[in-house]
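Enquirer: I would like to see how this sequence folds:
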Amino acid sequence: MEKLQYDNYVKILKEDLLPAMGCTEPIAIAYAAAKAREILGHIPEKMILRCSGNIIKNVKGVVVPNSGGQKGVAAAAVLGAVAGKANLELQVISEVIPEQLRIANQLLRQKICKCVLEENEENLFIRAEVRYGNDTAAVEIRSKHNHIAKIEKNGIVLFEQSGLLTTSNSNKSSLSIKNILEFANNVKLSDIEDIIHRQIEYNSAISQEGLTHEWGAQVGRTLMAYNSNDIRIRAKAAAAAGSDARMNGCALPVVINSGSGNQGITCTMPVLVYATEMGSNEECLYRALVLANLLSIHQKRFIGNLSAYCGAVSAGASAACGIAYLNGAGEDMIGKTLINALGNVAGIVCDGAKDSCAAKIASAIDAGIMGYELAKRGLSFPFGEGLMETDYEKTIQNISRVGKNGMKSTDIEILNIMIGN
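Expert: Reported below is the predicted structural model:
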């Protein structure tokens, strides 16, 4: 692999596999509010949060960490404005103290925060507008949960940067199954071990939390009660349990993938469970996780971080490819595993972040493992049928096209149902 491309892949991993606390959409709102408060210089008397439909959809049903069990845009925004530390970015409300929570609850009761649906914006859009006396400030986040695109004070633009593509150091257009596999086989462990070690450490901790305590619908614990001797069950349970905890306000951080903690957990835990069962060495595990993470990012780059396409599907399929890698699979078997999984469950929709995400994660991993079992036998869904066309890469693009363009009207309908229209 050429050095330029090698360095690009390392940058992709560094930029995407970030630590975050709680569901990334309320955390991004808290981050915008915290930054706006910092610019304003006071805890605001009034706030307006202008958000895209996908942000509102993913905030409605999840508990904001360190909020005392509250949900919704206002809870995230006010807590961010009162207690947030903007320099912590996606861990912005990780250091809330009781007095700050008391103040935030008081301001929520006073209804200082209004949420407005911002139409005709990109799927990931947040604008926090805050006021104290005659002073105002505003912060916009676009494209990525920690990407501040504009800062204003009293109507004057203090900072502005255009689209994420022009500011990012990495280029995802060179991702492909072939190149990702080559990179996973040859990457120097010293270049990625800190990133992958942190992902294993953080995501294992929240998985264990979900398996040992009663969070949400307890999908992970229920799977383990069903049959903990089956490695396929344990792989699904480990990932689902992390989501159980995360969707219900657990304050433990996770390392995300494609802007999503659930996708980060889904990429990580099944591969880790299989590696432990197989007695794989650390190097093989790290290379398998590099492969799984990059394959997930490869799929989501066509779709975008937020849409009606359930991101657990791409992450679950990628985790199965990581399991295949642990077993020595090459490009063809990894390609078959991927399209077998996508051909099965690509129709799962995202109707917001909430308890049922854990069940969707389990279903996606189950489809991924079945896709791998078929691939091991040389079986796959034939090209030319449905969305399977020409080759693995074209098939990924077809399914991504459905997720990005075909599901636009689905996304709008889901949002209208959720807000009661």
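
Enquirer: Give me the neighbour count for residue 373.
Expert: Using other Cβ atoms under 10 Å, residue 373 has 15 neighbouring residues. For every residue, glycine as well, the C-beta is placed using N, CA and C.

Enquirer: cool, residue 365 as well?
Expert: When neighbours are counted by other Cβ under 10 Å, residue 365 comes out with 31.

Enquirer: what's the spacing between it and residue 70?
Expert: According to Cβ to Cβ, to the nearest Å, residue 365 and residue 70 sit 30 Å apart.

Enquirer: before we move on, what about residue 119?
Expert: According to Cβ to Cβ, residue 119 and residue 70 sit 26 Å apart.

Enquirer: So for these two, which sits in the more crowded spot?
Expert: Neighbour totals were compared for residue 119 and residue 70, and residue 70 leads with 19 against 8 (other Cβ under 10 Å).

Enquirer: As a check, name the ranges of all strands in the stretch 151-300 of the chain.
Expert: Assigned by DSSP state E, counting those that start in this stretch, the stretch 151-300 of the chain shows strands spanning 156-160, 253-255.

Enquirer: Would you convert the ones you listed into CSV that also reports mean pLDDT?
Expert: Shown next, in CSV, are these (pLDDT from 0 to 100):
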stretch, mean pLDDT
strand 156-160, 97
strand 253-255, 95
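
Enquirer: how about a markdown table for the ones you listed, with mean neighbour count added?
Expert: Compiled in a markdown table, the strands of the stretch 151-300 of the chain are given as follows (neighbours: other Cβ atoms under 10 Å):
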| stretch | mean neighbour count |
| --- | --- |
| strand 156-160 | 11 |
| strand 253-255 | 26 |
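
Enquirer: So which of these is nearest residue 393?
Expert: For the strands of the stretch 151-300 of the chain, the distance to residue 393 is smallest for strand 253-255, at 26.8 Å, taking Cβ to Cβ.

Enquirer: Pairing partners for the closest one, with directions?
Expert: strand 19-21 (antiparallel) (DSSP bridges).

Enquirer: buried set for the partner strand?
Expert: 19, 20, 21 (16 or more other Cβ atoms under 10 Å).

Enquirer: Any idea which of those residues the model trusts least?
Expert: Checking pLDDT across the buried residues of strand 19-21, the minimum falls on residue 21 at 86.

Enquirer: What about this structure, which residue is the most distant from its middle?
Expert: Distance from the centre of the chain peaks at residue 134, with 37.9 Å (Cα atoms, centre = their mean).

Enquirer: The helix or strand where residue 397 lies: how far from the chain's middle?
Expert: Following DSSP states H and E, one finds residue 397 within helix 392-401. For helix 392-401, the separation from the chain centroid amounts to 20 Å (computed by Cα atoms, centre = their mean, to the nearest Å).

Enquirer: Averaged pLDDT, that helix. What do you get?
Expert: Computed over helix 392-401, the average pLDDT equals 94.

Enquirer: Show me what the mean pLDDT comes to for the helix or strand following that helix.
Expert: Proceeding N to C from helix 392-401, the next assigned helix or strand is helix 408-418, under DSSP H and E. For helix 408-418, the mean pLDDT works out to 85.

Enquirer: out of the strands of the stretch 151-300 of the chain, which comes closest to residue 294?
Expert: Closest among the strands of the stretch 151-300 of the chain, using Cβ to Cβ: strand 253-255, at 14.2 Å.

Enquirer: what comes into contact with that closest one?
Expert: Residues from elsewhere that reach strand 253-255 (Cβ atoms under 8 Å, 6 or more residues apart in numbering): 17-21, 91, 94, 195, 198-199, 202-203, 206, 242, 246, 261, 264-265, 268.

Enquirer: Repeat that for stretch 111-121.
Expert: For stretch 111-121, using Cβ under 8 Å, 6+ apart, the contacting residues are 44-53, 56, 72-74, 77-78, 107, 125, 127, 419.

Enquirer: if you set the cut-off to 7 Å instead, what comes out?
Expert: Contact with stretch 111-121 is made by 44-53, 56, 73-74, 77-78, 125, 127, as judged by Cβ atoms under 7 Å, 6 or more residues apart in numbering.

Enquirer: now stretch 375-390
Expert: 324, 333, 336, 337, 339, 340, 343, 374, 395, 398, 399, 402.

Enquirer: between the residues you listed, which is nearest residue 156?
Expert: Within these, the smallest distance to residue 156 is 43.4 Å, found for residue 402 (Cβ to Cβ).

Enquirer: quick one: the closest one and residue 199, what's the gap?
Expert: Taking Cβ to Cβ as the measure, residue 402 falls 29 Å from residue 199.

Enquirer: between these two, who's got more neighbours?
Expert: residue 199 (27 against 16).

Enquirer: and the gap between that one and residue 100?
Expert: Applying Cβ to Cβ to residue 199 and residue 100 gives a distance of 30 Å.

Enquirer: buried residues in stretch 117-136?
Expert: Buried residues in stretch 117-136, defined by neighbour count with 16+ other Cβ under 10 Å: 118, 121, 123, 124, 125, 126, 127, 128, 129, 130, 131, 136.

Enquirer: now that we have the contacts of stretch 375-390, which one has the most neighbours?
Expert: In these, the most neighbours by other Cβ under 10 Å go to residue 337, 31 neighbours.
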